[in-house]
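Visitor: model the following, please.
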Amino acid sequence: MTRDDADTWFAQLAAALGPSLLGGGAQLLFDRPWLTDTAAAGVPALLNSPGDLFGLQERPLSYEAVAALLLAVGAGAGLFHHGPVSLSRRRQVEGAAPRSVADVFANLARMSGPAESQEVRVTHVVGPEGASRFVVEIPGTESWKARSTTNPADLKTNLQEISGQESAMRAAVELALADAMDAARISPGQRGVPEVLLAGHSQAGIVAVNLASDPAAPYRYSHVLVGGSPVSRVEVPESVHVLALEHEQDPVPRLDGAPDLPRHHVTTVGRDVSAEVPADLHGAQSPGRAHDVGLYSRTGALVDASRDPVVAQARARLEPFFTGTATTWSYEATQEPTP
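Guide: Predicted coordinates for the structure are as follows:
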């Protein structure tokens, strides 16, 4: 979600609720981000309450089961459609590899194709030692409509990824990576050799960690870089190194209702961005602006320059993906919409 997307969403909500009411609620959520954790964690309990009261449930609904239930309801109502995914290569650029964490998020901020499709970028990096590596950049949610459009980065993908189901965006990423490896003359039998860095903002971060956690994945997903993504619940294999950036005032990473548990292969970098989010005309700071991908690029620059030993080590693991000659392919992904 870009800053413009967040501003548009809050403007529509303000028109419905009244700007003063919305502004007060937004500032409360901005100042007390833990409220999002409480609300997210309480949703399964709220839905389980009637069953618990009347003894109708043998097992309570989990967070993932709630997302699956919403997905099933949407599909049953004819809103969500599970159609095929199509991918087309838009362009090829030489020497366009990201050179830092900040560059990755800056690229994600610039990646915006037509409203009816979603862009995915794959970069083939050949390091000084001659080894091939790949960087896959995936933007966040583009469509919040309660129905399937031609853009696969939609609400349906959010629910599928949260519930552990394969989404259209996950399929699009693997189609793009397969085409890029073909273009790089890597045979199908060698596709599991090159290391792959998956990078995503918001929804795309969930797509990335779920891909990297798939034991049947045909690729060597060795590193994941995410910003503003609710990924605490995903059991990422120890062979995958994850660097997750989270703004304290951003509600989106908190939507999984789970704490960031210490894991030696997962490094979470939190940052207070209250001083960088301006107030609106009503004097309120929007949590949506704390989720802005451009702001995550600035946080990425701080990570690049950090002397904290834990952060510096996590950043150093990504350096091979930022060093060498590069070729980048840009793809346009679409899905079959609801009829």
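Visitor: the spatially closest residue to residue 79 that is not a sequence neighbour: what secondary structure?
Guide: Leaving aside its chain neighbours, residue 79 sits nearest to residue 147 (4.4 Å; criterion: C-beta to C-beta, 6 or more residues apart in numbering). No exception for glycine: its C-beta is placed from N, CA and C like everyone else's. Using DSSP: H, G, I helix; E, B strand; the rest coil, the structure places residue 147 in coil.
Visitor: contacts only, for residue 147.
Guide: Remark: with contacts taken as C-beta atoms under 8 Å, 6 or more residues apart in numbering, residue 147 is in contact with 74, 79, 80, 81, 337, 338.
Visitor: same deal with residue 100?
Guide: Contact analysis of residue 100 by C-beta under 8 Å, 6+ apart lists 300, 301, 304, 322.
Visitor: my guess is residue 83 contacts residue 148. True?
Guide: Yes. If you go by C-beta atoms under 8 Å, residue 83 and residue 148 touch, sitting 7.4 Å apart.
Visitor: hang on, the earlier thing: okay, the residue nearest to residue 79 and residue 204: tell me how far apart.
Guide: The gap separating residue 147 from residue 204 is 21 Å, by C-beta to C-beta, to the nearest Å.
Visitor: same check on residue 337?
Guide: From residue 337 over to residue 204 the distance is 20 Å, taken as C-beta to C-beta.
Visitor: and those two? Which one has more around it.
Guide: Set residue 337 next to residue 204 and count neighbours by other C-beta atoms under 10 Å: residue 204 wins out with 30 against 16.
Visitor: remind me which helix or strand residue 87 belongs to.
Guide: Using DSSP states H and E, residue 87 sits within strand 85-94.
Visitor: buried ones in that strand?
Guide: 85, 86, 87 (16 or more other C-beta atoms under 10 Å).
Visitor: and which of those residues is nearest to residue 211?
Guide: residue 85 (14.2 Å; C-beta to C-beta).
Visitor: for the strand holding residue 87, list the C-alpha coordinates in PDB.
Guide: Listed next in PDB are the C-alpha coordinates belonging to strand 85-94 (Å, rounded to 0.1, in the frame of the first residue of the first chain):
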ATOM      1  CA  VAL A  85      -3.100 -16.600 -13.300                       C
ATOM      2  CA  SER A  86      -1.400 -15.100 -16.400                       C
ATOM      3  CA  LEU A  87       2.000 -13.500 -16.700                       C
ATOM      4  CA  SER A  88       3.600 -11.400 -19.400                       C
ATOM      5  CA  ARG A  89       7.200 -10.000 -19.500                       C
ATOM      6  CA  ARG A  90       7.100  -6.300 -19.900                       C
ATOM      7  CA  ARG A  91      10.700  -5.300 -20.200                       C
ATOM      8  CA  GLN A  92      14.400  -6.200 -19.600                       C
ATOM      9  CA  VAL A  93      16.900  -3.800 -18.000                       C
ATOM     10  CA  GLU A  94      20.700  -4.300 -17.700                       C
END
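Visitor: okay, now the sheet partners of it, with direction.
Guide: For strand 85-94, the paired strands and their directions (DSSP bridges) are strand 325-335 (antiparallel).
Visitor: all helices of the stretch 151-300 of the chain, in order?
Guide: Along the stretch 151-300 of the chain, the segments classed as helices by DSSP state H, counting those that start in this stretch run 155-162, 168-183, 203-212, 287-290, 293-305.
Visitor: out of those helices, flag the one nearest residue 189.
Guide: Nearest of the helices of the stretch 151-300 of the chain to residue 189, taken as C-beta to C-beta: helix 168-183 at 11.1 Å.
Visitor: quick revisit: beyond the strand holding residue 87, next helix or strand please.
Guide: As assigned by DSSP H and E, the chain's next helix or strand after strand 85-94 is helix 101-110.
Visitor: give the other helices and strands that that next one contacts.
Guide: Other helices and strands packing on helix 101-110, by 3 or more C-beta pairs under 8 Å, 6 or more residues apart in numbering; DSSP states H and E, are strand 132-138, strand 195-201, strand 220-227, helix 293-305.
Visitor: now with 10 Å?
Guide: Judged by 3 or more C-beta pairs under 10 Å, 6 or more residues apart in numbering; DSSP states H and E, helix 101-110 is in contact with strand 118-126, strand 132-138, strand 195-201, strand 220-227, strand 241-247, helix 293-305, helix 309-318.
Visitor: which of the residues in that helix are buried?
Guide: Buried residues in helix 101-110 (16+ other C-beta under 10 Å): 101, 102, 103, 104, 105, 106, 107, 108, 109.
Visitor: dump the helices and strands packed on helix 101-110 to TSV, plus mean pLDDT, distance to residue 172 and mean neighbour count.
Guide: TSV is the format used below for these (pLDDT from 0 to 100; distance: least, C-beta to C-beta, whole Å; neighbours: other C-beta atoms under 10 Å):
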stretch	mean pLDDT	distance to residue 172	mean neighbour count
strand 118-126	96	6	24
strand 132-138	97	9	25
strand 195-201	98	12	26
strand 220-227	98	15	25
strand 241-247	97	21	24
helix 293-305	97	19	20
helix 309-318	97	23	15
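Visitor: turn those into CSV, including distance to residue 92.
Guide: As requested, those are exported to CSV (distance: least, C-beta to C-beta, whole Å):
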stretch, distance to residue 92
strand 118-126, 10
strand 132-138, 14
strand 195-201, 19
strand 220-227, 23
strand 241-247, 28
helix 293-305, 24
helix 309-318, 24
